[in-house]
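> The following block contains a protein sequence and its predicted model.
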Amino acid sequence: MTCGVLKLDHAAAERLQQLLPPLIRLDTFAQHAGPWIYSTLKYLAEEARNPQPGGETVLTRLTDILVVQAIRAWLQSNEALATGWLAALRDPKIGRALQAFHRAPQEGWTIARLAERAGMSRSAFAARFKQLTGEGAMQYALHWRMQLARMDLREGKRTLAEIAIGLGYESEAAFARAFKRIVGTSPGAYRRQ
């Protein structure tokens, strides 16, 4: 048996964790999972048995890869993911727009810019996005930014002004208003809690 601990420290990882089942069972005989599971676990065990310089880094990276591959295998085998955030990420067009947004949430994203990234008209993009996620694209963007803000506030490394600018707000006050509207408390109170 191989056991490990996984620390999630990104907004996407937190959101993904909410969607994952309590247990992911991978069939080592399944075509999409078997070969890489066996070889990766074998390499992990060997690296753990015979520590060498840089071994901790190798173990960490292999474990990261194992987790990502396990989630991929789960996604491929889960027919229930026809809608929602993961379905949107997997959609060839909507996924492209989401990836662009996630890489630079501070940009001045609009429906038109996201639709352009997706290679779709604004109306088709907006309809498909809402069909997959259950919310509008700009509402999604706002919630995603607030999720990033909550992470930043918990870490306590950046000032409110730095967080605001990093999320694309023109002022700390505009950020604070949006944060309070979505989260229900001011950024300062959230940080203190």
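Arrived safely, thanks for sending.

> Pull stretch 180-193 out as CSV, backbone CA atoms only.
Written as CSV, here are the backbone C-alpha positions of stretch 180-193 (Å, rounded to 0.1, in the frame of the first residue of the first chain):
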residue,chain,number,x,y,z
LYS,A,180,-18.0,42.2,0.9
ARG,A,181,-20.8,41.7,-1.6
ILE,A,182,-19.7,38.1,-2.5
VAL,A,183,-18.1,36.9,0.8
GLY,A,184,-20.4,38.8,3.2
THR,A,185,-17.6,40.4,5.2
SER,A,186,-14.8,43.0,4.5
PRO,A,187,-11.4,41.7,3.4
GLY,A,188,-9.9,43.1,6.6
ALA,A,189,-12.4,41.2,8.8
TYR,A,190,-11.9,38.1,6.7
ARG,A,191,-8.1,38.3,7.2
ARG,A,192,-8.5,38.7,11.0
GLN,A,193,-10.8,35.7,11.2
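
> Need the residues that contact it.
With contacts defined as C-beta atoms under 8 Å, 6 or more residues apart in numbering, stretch 180-193 is touched by 142-143, 146, 149-150, 153-154, 156, 160, 163, 175-176, 179. Glycine gets a C-beta too; all of them are placed from N, C-alpha and C.

> Equivalent analysis for stretch 135-153, please.
Contact partners of stretch 135-153, identified using C-beta under 8 Å, 6+ apart, comprise 9-11, 14-15, 97, 101-102, 105, 109-111, 114, 125-126, 129-130, 133, 158, 163, 166-168, 175, 178-179, 182-183, 187, 190-191.

> rerun that using 6 Å as the cut-off
11, 105, 109, 111, 114, 129-130, 133, 158, 163, 167, 179, 182, 187, 190-191 (C-beta atoms under 6 Å, 6 or more residues apart in numbering).

> Give me the buried positions along that stretch.
Within stretch 135-153, the residues that count as buried by 16 or more other C-beta atoms under 10 Å are 137, 140-142, 144-150, 152-153.

> ok, which pair from the contacts of stretch 180-193 is furthest apart?
142 and 156 (22.8 Å; C-beta to C-beta).

> Mind giving me the packing neighbours of whichever strand or helix holds residue 47?
Taking DSSP states H and E as the definition, one finds residue 47 inside helix 34-49. Contacts defined by 3 or more C-beta pairs under 6 Å, 6 or more residues apart in numbering; DSSP states H and E place helix 34-49 against helix 55-77.

> ok now the helix or strand of the chain with the lowest mean pLDDT, how far from the chain's centre?
One helix or strand of the chain scores below all others by mean pLDDT, DSSP states H and E: helix 11-19, with a mean of 70. Distance of helix 11-19 from the chain centroid (C-alpha atoms, centre = their mean, to the nearest Å) equals 6 Å.
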